[in-house]
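Q: how would this look folded up:
(3 chains)
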Amino acid sequence: MTFFSRYAAVFFALVVLATFLPRFFWQAAEGQRNRLAIFYSSVSEGFLIHELDAYGQNFYRTEEGRELDQKDFVSLLPFRYARDLVRWGEMPETIQGVAVEPEKLPLSVQNVFFRPRSLDGPEIPLCFVMEAASGFVDLEMPGEVMRISGRQAEFIRTSDNRVLKEKSLLFTAAFERAGFHFPAQKAWARTSTRKPFDWGWFILDAEGSLFHLIQAKGQPQVRPVLKDFAPGIRYVQVEEHPGRHAYGLLVDWKGGVHRMNYPDYSLTPLPLKEFNPSEMRLTWRRDPLVHHYTVEGGDALSVTVTDHRDAVIREIRMDLPPLRSESARKAEAFFFPFRIMQGVPDSGYLTLRLSWNHDFLLARALGILAALGSFVLWRHWQGRSLKESPADWLVLGVCGFFGLFALLWAGHVPGQKPVERRAV
Amino acid sequence: MIRAFIFKEWLKLRWAFLGLSLLGFSFLLFTGHGLYREFAAGPAVPIWQNLVERQVMFFSGLKYFGVLAGLVTALVQWLPDTPNRGLRLQLHLPFPQMQGVGILVLCGALTVIVVCGLMIAALLLITQYFFPWPVVRSVGLTVFPWMLAGLPVYAMAGAALLDISLLRRVIYGIIGWQMASLYLAGCGYAGFEGVLGLYGLMALLMLFAPFISAERFKRGTL
Amino acid sequence: MIIESFFKKISGWVLCLSAVLVMAVVLPRMFDLAFRQGAPTPFILYSPVKDLFFLSGSTPDGQRVYRDETGRQYDRMEFMMATPLFWYRNVFAWNSMPETIQGVLITREAVEEGYQVFRYRPQDLKEPPVPLWPLLESASEFSDLRLPETMFWKDGGLVFENGLTRKKDLEMTEKVNNALSEAGFSFPVKALWGNSTTRKPHDDGYFIRDAEGSLFHLRQVRGEPVCMDTGIRGIGEIRHLAVTEDRRREFYGYLVTDDGRFHLLMQENYRVESLDLKDFDPETMGLIFMADLLGRTVVYGDEEKIYALRLGLDYHPVHSYEEERIQGLSSGASRVRSMLFPFVVQTRAEYGRGADLRLDFSDHTSFAGILFFLVLFMVIRKWWKGTFFFRLHEAALLFLFGIYGFFVLLVQIYPCFEKKGQKSLFGLR
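A: The predicted structure is shown next:
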């Protein structure tokens, strides 16, 4: 019994140590870097870089490294800083032959941000289906929620938890007519009333087909969007923008990102290289002349600019100084052969995921040897036999310093030595 | 005799004191390090401004520390003596019992006060390193009632542990819980500014609660 | 022995009073939760089309009601059409904006430019919980406001602390305090008002009240502090000022003086436009100010009454309306409440923000409740001990605390060590 309770304690200590020590280590050892943003100027047809350092100072320069002052920088980005240019009366009338209408810019300028965390996360499987054609400009949260369970769509009134039979039947019938296979796997929408209009829900059915649901004047409109999409649909980010250029972004299971165009739901794959949606952040900026895709992650910042026919105009890639220096990573390998992650970047869930360190074999081996050596010394100092509790050596061999700390904390098996031998 | 009482209490309470201080200080270390990194990453004014505008509480993890301190202290102090009526021995010593109980309560309350006081002092020290004076003041005024909540919790937990009737124990528990929730009501930064003295007085008065339970305990048949 | 019995006495009273306190906080809250009918404040708009006030409210069961001040009911669309300058986005979307209202040509730009709303709540009277402000640049070339390197607080003068060095910025402190003295400011700073956020269309700086009660205006213009004496005199002591910073730039904001009057602080020459608001009490009443193309509407009120006032563009009253509000509790429920609870302990500040500890006594009907519980206690006592006799402290508890005292006695939190006492109702001694 003491054998098991001791190793239970060791195991508990290992989990706690492997969760928190690497986190504290990186909290202390991770470096800082300046905030950097890259923009494409249609005026100068080149990239502009904005850097903010730790003292709050702003630096503006061109891709060739020429320093700019803030005013030049702002003038070169007329769509982004339209308010300033209009105030100064310096808004150009045409850019690259296209007439600029400042009052219409809110319709043609759109910024969409994608974060890995939004791919997955805890959500209640209840959909607020808003009224998209109420006739009033302001959207309102509905008084009932939809649940797609088993073989039907159910509407539940929030005030008294009653199922609304008629509405449920109406919507279930609409889903069936559109060829929807119950139950739903996933549903995506932007559940907010602070948007210009409502595009309802994109719902993935049991067979992996995507459907679009809008409620207009109390009536359901269900449209099939995508069938037999080979890479599989991982995530849809719905973006209601007054310009109605695209329904939003669609991320597939192979790491590809697509723009879902309005109104025919056609998909345009974004021209991104080395983009991993599980780890990197994506910003899509649209202005009257170009699309502008920024990928940030993996110690690099890359920007691809395309025209409105999706032909690539320019690309740029900047390596950023790594946040984790090589020596720090070696030290990590030396001390921590693995770590337990409580959160992962592409999910909002809390997990306990074991991840082994695969870099720096030598450092890892040395770390485990050092842990073993320290344990030998400790046993020696305590006057204990090295043969006592042989399973300890296994723990040390696998877990390195975590094992050492856990064993030191758990201490020796209480009692006399012969008892211990029998226990093992 | 008094010295012996105090020594006996100290033997019990030192672990509670040590454990609570360790917990609190490790939390503060963590908070302090988080602040250090945040301030190293960029200029300070946006962080100050964020705190002022959104009333972010970087120290909100300390909210239940006072309650925890009160509860732990009461448990550590009274639990070893109550089940097999060890305390009755002391209540029958040739020493005025109520004064004896008074010494016990004083020891426990001092433990809570010192631990919480240390936390406040350390937190203010950290805060004044990173923030200007008005923030330090507001942080102090925010944390103080949270820590004060420890005293009613300590007193009512003590009364509940000592009392002999189950019904009264439950009632004391409810009173302690509701009293604590008065102190922990989310009032934002410095919400208790004008009434801190009144609430403090109330917390100190609450310390008299365990005496009557001790009297019942002494007479106690269930 | 005196100390001994003193300890026991005080301990008993502390327990008993804390039980009363907790009940006086919790029981009324539970009562309100059970019986309060949620009738939110009606929303009042002035209709320049019909020259009437229009109200949008809801019945206790959540049904929305749109009506005008004469009581005639409308549907939502008619309501919005009657107040088109407020709902202009909807009305323009339906293409049903009249071409002229009161002879004024209506265009979308004009309506948008003429529109401004701000609110006042009694808790605004309190000083902000963390009194720390940045002195933003008011005359920046760029429209995005940026935070400076320093923030300041008031300590006699204004003290600036630099965010980079995290030390007092003596140079800035001296510069600003010099600017104040040059404008004729007499230290110390008594009060200071302004918006510290950068999320506003422009910056109008801060207004400062000096030791003599004069109001000064401090801004940062191209990196230099600029202080102006507003010259406002003779409106009484300024209790509160709010800077509204709206695109319209008609006024800097509003101020409340200690006689309870409400004024607008205009941008031209710091002129003060005093509004004549009947029965306005800044301590208890909230206020909404709405500007539109054709005039101004001020709506204010508290739980009991709500007032609406329409002013022309020159701030002369055009139309007014007042209405009694349906109370949160029905009259029966509120009578039962005051009978049940002789007093209620409030732990939240009533109109301000933050905590409080205050007794709210009920009216004389609470004596009926006290009497009822006295009799009830006597009946129980008779049934359980066979006598009506009770002690002085029991009488005191019942008389002072009514229902709370009754409960305290019922579960015998108050100690009564009677050697020969029988077992009580709950098996307690």
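Q: around the closest residue to chain A within chain B, how many other residues sit close by?
A: Distances between chain B and chain A by Cβ to the nearest Cβ are smallest at residue B:43, namely 3.1 Å. (Each C-beta comes from the backbone N, C-alpha and C, glycine too.) Applying other Cβ atoms under 10 Å in any protein chain shown, we find 20 other residues in the vicinity of residue B:43.
Q: now do the SS call for the residue lying closest to it once chain neighbours are set aside.
A: Nearest residue to residue B:43 in three dimensions, chain neighbours excluded: residue A:56, at 3.1 Å (Cβ to Cβ, 6 or more residues apart in numbering or on different chains). For residue A:56, the secondary structure call by DSSP: H, G, I helix; E, B strand; the rest coil comes out as coil.
Q: on that earlier part again, before we move on, what SS does the residue of chain B closest to chain A have?
A: Quick answer, by three-state DSSP: residue B:43 is coil.
Q: next one: it from residue C:174, what distance?
A: Distance from residue B:43 to residue C:174, counting by Cβ to Cβ, to the nearest Å: 22 Å.
Q: not counting residues beside it along the chain, what's closest to residue C:70?
A: Closest to residue C:70 by Cβ to Cβ, 6+ apart is residue C:52, at 7.0 Å.
Q: ok, the residue positioned nearest the centre of chain A - contacts?
A: Nearest to the mean C-alpha position of chain A, counting by Cα atoms, centre = their mean, stands residue A:116 at 1.0 Å. Going by Cβ atoms under 8 Å, 6 or more residues apart in numbering or on different chains, residue A:116 touches A:277, A:278, A:279, A:280, A:281, A:345, A:346.
Q: tell me the one of those nearest residue C:299?
A: Among the contacts of residue A:116, residue A:281 lies closest to residue C:299 (Cβ to Cβ), at 45.5 Å.
Q: checking the closest residue to the closest one other than its chain neighbours next. Helix, strand or coil?
A: The shortest distance from residue A:281 to any non-neighbouring residue, by Cβ to Cβ, 6+ apart, is to residue A:296 (4.6 Å). When classified by three-state DSSP, residue A:296 comes out as strand.
Q: nearest residue to the middle of chain B?
A: In chain B, the residue lying closest to the centroid (Cα atoms, centre = their mean) is residue B:150, at 2.6 Å.
Q: helices of the stretch 251-400 of chain C, start to end?
A: Taking DSSP state H, counting those that start in this stretch as the test, the helices found in the stretch 251-400 of chain C are C:331-340, C:366-385, C:392-401.
Q: OK, contacts around residue 53?
A: Going with chain A. A:34, A:59.
Q: the intended chain is chain C.
A: Contacts of residue C:53 by Cβ under 8 Å, 6+ apart are C:44, C:45, C:46, C:47, C:68, C:69, C:308, C:310, C:319, C:321.
Q: could you identify the helix or strand that succeeds the helix ranked longest in chain A?
A: When chain A is parsed with DSSP state H, its longest helix is helix A:2-29. Downstream of helix A:2-29, the first helix or strand assigned by DSSP states H and E is strand A:35-41.
Q: quick one: the longest helix of chain A near chain B?
A: Yes - against chain B, helix A:2-29 shows contacts by Cβ under 8 Å from any Cβ of the partner chain at A:27, A:28.
Q: buried set for that helix?
A: The neighbour-count check on helix A:2-29 (16 or more other Cβ atoms under 10 Å in any protein chain shown) flags A:6, A:7, A:10, A:13, A:14, A:17, A:18, A:21, A:22, A:25, A:26 as buried.
Q: and if you look at stretch C:25-37?
A: By 16+ other Cβ under 10 Å, the buried positions in stretch C:25-37 come out as C:25, C:27, C:28, C:31, C:36.
Q: what is the nearest of the residues you listed to residue C:160?
A: If you rank those by distance to residue C:160 using Cβ to Cβ, residue C:25 comes first, at 43.4 Å.
Q: am I right that the closest one is in a strand?
A: No - according to three-state DSSP, the state of residue C:25 is helix, so it is not within a strand.
Q: thought it was touching residue C:347?
A: Yes - using Cβ atoms under 8 Å, residue C:25 is in contact with residue C:347, at 5.9 Å.
Q: do a quick rundown of the helices in the stretch 151-300 of chain A.
A: Ranges of helices in the stretch 151-300 of chain A, per DSSP H, counting those that start in this stretch, are A:165-177.
Q: just chain B next, same as before
A: B:2-41, B:45-54, B:65-78, B:86-91, B:97-130, B:133-148, B:150-162, B:166-184, B:196-206, B:210-219.
Q: any chance of these in TSV, plus mean pLDDT?
A: Compiled in TSV, the helices of chain B are given as follows (pLDDT from 0 to 100):
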stretch	mean pLDDT
helix B:2-41	88
helix B:45-54	90
helix B:65-78	93
helix B:86-91	66
helix B:97-130	92
helix B:133-148	94
helix B:150-162	93
helix B:166-184	91
helix B:196-206	92
helix B:210-219	82
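Q: ok, the nearest residue to residue C:281 once chain neighbours are set aside to chain B distance?
A: Among residues not flanking residue C:281 along the chain, residue C:260 sits closest, at 5.8 Å (Cβ to Cβ, 6+ apart). The spacing between residue C:260 and chain B, counted by Cβ to the nearest Cβ, to the nearest Å, is 21 Å.
Q: shouldn't residue C:260 be in contact with residue C:282?
A: Yes - Residue C:260 lies in contact with residue C:282 (Cβ under 8 Å); the separation is 5.6 Å.
Q: higher neighbour count, these two?
A: residue C:282 (24 against 15).
Q: find the nearest non-adjacent residue to that one, please.
A: residue C:256 (4.7 Å).
Q: please report how far the one you found lies from chain A.
A: In this structure, residue C:256 and chain A are 31 Å apart, going by Cβ to the nearest Cβ.
Q: give the bridge partners for that residue, please.
A: The partner list for residue C:256 in beta bridges (DSSP bridges) reads residue C:240, residue C:262.
Q: and it, what does it touch?
A: Each residue near residue C:256 by Cβ under 8 Å, 6+ apart is listed here: C:120, C:125, C:238, C:239, C:240, C:241, C:262, C:263, C:282.
Q: report the buried members of those residues.
A: Using 16+ other Cβ under 10 Å, the buried ones in the contacts of residue C:256 are C:120, C:238, C:239, C:240, C:241, C:262, C:263, C:282.
Q: taking those, tell me the two that lie furthest apart.
A: Distances among the buried ones among the contacts of residue C:256 were taken as Cβ to Cβ; the most separated pair is C:120 and C:238, at 14.2 Å.
Q: mind listing what's buried in stretch A:295-312?
A: So for stretch A:295-312, counting by 16+ other Cβ under 10 Å, buried means A:295, A:296, A:297, A:301, A:302, A:303, A:304, A:305, A:306.
Q: pick out the most distant pair among those residues.
A: Of all pairs drawn from the buried residues of stretch A:295-312, the greatest distance, 20.2 Å, lies between A:297 and A:306 (Cβ to Cβ).
Q: in the stretch 251-400 of chain A, which spans are strands?
A: Taking DSSP state E, counting those that start in this stretch as the criterion, the stretch 251-400 of chain A carries its strands at A:257-261, A:267-269, A:281-286, A:290-297, A:300-307, A:312-319, A:338-343, A:350-356.
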